[in-house]
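K.L.:
dropping the sequence and predicted coords here.
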Amino acid sequence: MKPRSQSYVIYVLLFIAIIVLIVFNLNKTNTADTVLSINQLAEQIQQGNISRVVEEENKITVYLKDGITEKTVVKETETTLVNQLLALGVTPDKLTPASGIKIEVKAPSAMAGILNAAFYILPFLLLAGAFFFIFRQAQGSNNAAMSFGKSRARMFTGDHPTTTFADVAGIDESKEELREVVEFLREPQKFLALGARIPKGVLLVGPPGTGKTLLAKAVSGEAGVPFFSISGSEFVEMFVGVGASRVRDLFDQAKRNSPCIVFVDEIDAVGRQRGAGLGGSHDEREQTLNQMLVEMDGFDTDTNIIIMAATNRPDILDPALLRPGRFDRRVVLDRPDVRGREEILKVHIKGKPVDPEVKLAVVAKSTPGFVGADIENLVNEAAILAARRNKKSIGQSEFEESIERVIAGPERKSRLISAEEKRIVAYHEAGHAVVMNSIAEADPVQKVSIIARGMAAGYTLSLPIDDRTLMPRKKMLADMVGLLGGRAAEELAFDDITSGASNDIERVTQLAKTMVTRLGMSAELGPMVYGQKEEMIFLGREISEQRDYSEAVAEKIDKEVRSLVNDAYSKAQAILKQYHAELDAVAQKLLEVETLSKEEFEKIFPPPVPHKNATPVYATSSD
């Protein structure tokens, strides 16, 4: 029974007990006025006031001759009623029918005795039941306190798997790595017969949203074994020893359900490198990690338990946790390429009414850098848009709109801006588009809009021709020129500049500094790294930077960064001066229609040079 139901039962029992006691007391109060003593009964019979006497065991009911009044008398148990009345002076003739009195004697009723007994016993039983539930509930609280150190892992049986490898797309290499794990869980003797040992632990590493948890569930679904899922933060509590106790209980449950998979999500919450906490070796988190290290290294070869963990911070995990024998294998889940994104789209549109004319290859190509979670959100946004537009299926326009919603946020058409500011935004976005369209290494422009999205007053969407892993220097310089096209257009078309280019300038400055200090792309400073940085791997966050260079080198770095930014700005200005008429035409069209597609933009300003992939070309040596 649930604790809430137990509380209701207690309250009901207490209420019934109180009602019974109240009724019992009222009954005693009411009957006190109608009770006669045996002496009074004898006197009333002698005076001829009694018409009927009914005897039932020791209880006597007396009816007066007025026909209304009813009295109760309790007689002695050792003798009969007639003998008692004669002993009290009632003459025999007063007891004869001729005197007008009728005496009835009823046989004792078994049910009346039972009810009478229950009437007295029931209140005590109700009170006893109430106390029983109260004590039981208190005992349950004690048990809950004693189970504080138990594992809170959620167990999913493998009888009816909901996720398999068919539900995971875009990470084919990672799935192949884990097929061995599935095969071992299905046929362990195949490996043991050859003396092989399956990896005891598999660490899934990758950016957020790449499908680490989904892949772990798919392994469990394919193998058809129990799956224990727990978060790393659930081990850590403020009480000393609780985390270690939960680790022991988790592994005990896993051994009882072997073969199985134990999945620890966000293991960096408990697996951080030891010695970094304020409490030193007595830190509760470190005690939990120590217990986990002992449990993972204590498995026998025939336990058939595989530990899987996921993190996007492998750089901060304790080396003892990553050594062979604990986490033997590391599976990296990277951002999917265009083919992987198309496969993920196919998975997420299952069961949804998608228009046959939708080209998933085009949608996949329009989403560079998207991970599985982004694509799932994209498909959901497209379905919501189709429902909002009262459509029966999801079309290409909904997918295109959802891409922009995921990248820049929803449109804010209700935002009111003056005609002057609208013209500034039009020239700013037109400047970006014209400059990007004039550089061969820049990404082709896909859309230009002056409708506000998110925090941006307008946006220019450009997409790469192909997915790339390496970033060439020419491509980075082209991006800098394109980012500064908005500020250059404002300076060229108006008598003053605005704060609209603040984010563009910030990105350009950071890109130039990265080229100089991290990528060795400065001819003056050479191929060296300046400054030691602590970064969050896969999260793209810089924690701190330690300068390991002199003030003279710092001055040269500033000079090189300034030179790169100024050169890019000068090139943007030169392009816009060359194509000033096209800039005016694009800005004017934006003021009229607010949004231009790739075809509409290139109709106004055809690309003066064909766009190309900026990947460096192999240079043949010449004698």
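P.N.:
Yep, it's here. Quick caveat, the model's predicted, so the values are computed rather than measured. Numbers count the residues shown, from 1 in each chain.

K.L.:
what's the neighbour count on Ile22?
P.N.:
Using other C-beta atoms under 10 Å, Ile22 has 10 other residues around it. Using the backbone N, CA and C atoms, a C-beta is placed for each residue, glycine as well.

K.L.:
neighbours of the closest residue in space to Gly372 that isn't next to it in sequence, how many?
P.N.:
For Gly372, ignoring the flanking residues on the chain, the nearest one in space by C-beta to C-beta, 6 or more residues apart in numbering is Gly211 at 4.5 Å. Other residues near Gly211 come to 25 when the count uses other C-beta under 10 Å.

K.L.:
need the contact list for Gly211.
P.N.:
Val168, Gly170, Ile171, Leu333, Val371, Gly372, Ala373 (C-beta atoms under 8 Å, 6 or more residues apart in numbering).

K.L.:
report the central residue of the protein.
P.N.:
Taking C-alpha atoms, centre = their mean, the centroid of the chain lies closest to Ser231, which sits 11.3 Å from it.

K.L.:
next, that one: phi, psi?
P.N.:
With angles defined as degrees, to the nearest 10, Ser231 shows backbone torsions of phi -90, psi 150.

K.L.:
if I read this right, it contacts Phe263, doesn't it?
P.N.:
No: look at Ser231 against Phe263 with C-beta atoms under 8 Å: they stay out of range, at 9.7 Å.

K.L.:
isn't Pro336 up against Glu173?
P.N.:
No: Pro336 is not in contact with Glu173 according to C-beta under 8 Å; the separation is 10.9 Å.

K.L.:
those two: who's more crowded?
P.N.:
With other C-beta under 10 Å as the criterion, Pro336 and Glu173 differ in neighbour count, and Pro336 comes out ahead with 25 against 10.

K.L.:
ok, the more buried one to Thr210 distance?
P.N.:
Taking C-beta to C-beta, to the nearest Å as the measure, Pro336 and Thr210 are separated by 8 Å.

K.L.:
what residues are shared contacts of these two?
P.N.:
If you check Pro336 and Thr210 against C-beta under 8 Å, 6+ apart, the residues they both contact are Ile171, Val371, Gly372.

K.L.:
ok, back up a step: including secondary structure, could the contacts of Gly211 go into a markdown table?
P.N.:
Supplementary listing: the contacts of Gly211 in a markdown table, determined by DSSP: H, G, I helix; E, B strand; the rest coil:
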| residue | secondary structure |
| --- | --- |
| Val168 | coil |
| Gly170 | coil |
| Ile171 | coil |
| Leu333 | coil |
| Val371 | coil |
| Gly372 | helix |
| Ala373 | helix |
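
K.L.:
if we can go back for a sec, mind listing the shared neighbours of Ser231 and Phe263?
P.N.:
If you check Ser231 and Phe263 against C-beta under 8 Å, 6+ apart, no residue is contacted by both.

K.L.:
could you identify the helix or strand that succeeds the lowest-mean-pLDDT helix or strand in the chain?
P.N.:
Evaluated with mean pLDDT, DSSP states H and E, the helix-and-strand set of the chain has its lowest mean pLDDT in strand 541-546, which scores a mean of 59. Past strand 541-546, further along toward the C-terminus, the next helix or strand under DSSP states H and E is helix 551-578.

K.L.:
list the buried ones in stretch 565-574?
P.N.:
Residues of stretch 565-574 classed as buried under the neighbour-count rule (16 or more other C-beta atoms under 10 Å) are Val565, Ala568, Tyr569, Lys571, Ala572, Gln573.

K.L.:
isn't the last one right up against Ala489?
P.N.:
Spelled out, it's Gln573. No: Gln573 lies out of contact with Ala489 (C-beta under 8 Å); the separation is 9.2 Å.

K.L.:
wait, which of the shared contacts of Pro336 and Thr210 is closest to Ala478?
P.N.:
Closest to Ala478 out of the shared contacts of Pro336 and Thr210 is Val371 (25.8 Å), distances taken as C-beta to C-beta.

K.L.:
number of residues surrounding that closest one?
P.N.:
For Val371, the tally of surrounding residues (other C-beta under 10 Å) stands at 23.

K.L.:
quick one: contacts for it?
P.N.:
Residues in contact with Val371 (C-beta under 8 Å, 6+ apart) are Pro207, Pro208, Gly209, Thr210, Gly211, Arg335, Pro336.

K.L.:
which residue packs closest to Gln266, ignoring adjacent ones?
P.N.:
Let me fix one detail, which is that residue 266 is Glu and not Gln. Residue nearest to Glu266 in three dimensions, not counting chain neighbours: Gly232, with 4.7 Å by C-beta to C-beta, 6+ apart.

K.L.:
how about Arg341?
P.N.:
Sequence neighbours aside, Ala364 is the residue nearest to Arg341 in space, at 4.0 Å (criterion: C-beta to C-beta, 6+ apart).

K.L.:
how about the contacts made by the one you found?
P.N.:
Contacts for Ala364 were tallied using C-beta under 8 Å, 6+ apart; they are Val338, Arg339, Arg341, Glu342, Leu345.

K.L.:
now do 7 Å
P.N.:
By C-beta atoms under 7 Å, 6 or more residues apart in numbering, the contact set of Ala364 is Val338, Arg341, Glu342, Leu345.

K.L.:
same question, Val205
P.N.:
Residues touching Val205, when contacts are defined by C-beta under 7 Å, 6+ apart, comprise Thr311, Pro314, Arg330, Val331, Val332, Leu333.

K.L.:
go through those residues and name the one with the lowest pLDDT.
P.N.:
Least confident entry in the contacts of Val205, by pLDDT: Pro314, with 83.

K.L.:
mind checking what helix or strand follows the helix or strand containing Val264 in sequence?
P.N.:
Element membership of Val264, judged by DSSP H and E, is strand 260-265. In the C-terminal direction, the helix or strand that comes right after strand 260-265 (DSSP H and E) is helix 284-297.

K.L.:
so the closest residue in space to Gly369 that isn't next to it in sequence, which state does it fall into?
P.N.:
Of all residues not flanking Gly369 in the chain, Arg335 sits nearest, at 6.1 Å (C-beta to C-beta, 6+ apart). Put simply, Arg335 is coil when judged by three-state DSSP.

K.L.:
and what of Asn613?
P.N.:
Assigned state for Asn613: coil (three-state reduction, three-state DSSP).

K.L.:
cool, Phe228 as well?
P.N.:
Three-state call for Phe228 (three-state DSSP): strand.

K.L.:
that one contacts Arg256, doesn't it?
P.N.:
No: using C-beta atoms under 7 Å, Phe228 is not in contact with Arg256, being 11.0 Å away.

K.L.:
between those two, which has more neighbouring residues?
P.N.:
For Phe228 and Arg256, the more surrounded residue by other C-beta under 10 Å is Phe228, and the numbers stand at 23 against 9.

K.L.:
report the contact partners of Leu321.
P.N.:
Going by C-beta under 7 Å, 6+ apart, Leu321 touches Gly271, Leu293, Phe327.

K.L.:
run a quick neighbour tally on the closest residue in space to Ala452 that isn't next to it in sequence.
P.N.:
Counting by C-beta to C-beta, 6+ apart, Ala452 lies nearest to Arg412, which is 4.2 Å off, once chain neighbours are set aside. Counted with other C-beta under 10 Å, residues neighbouring Arg412 total 13.

K.L.:
was I right to think Arg412 contacts Ser449?
P.N.:
No: with contact defined as C-beta under 7 Å, Arg412 and Ser449 do not form a contacting pair (11.5 Å).

K.L.:
that'll do, ta.
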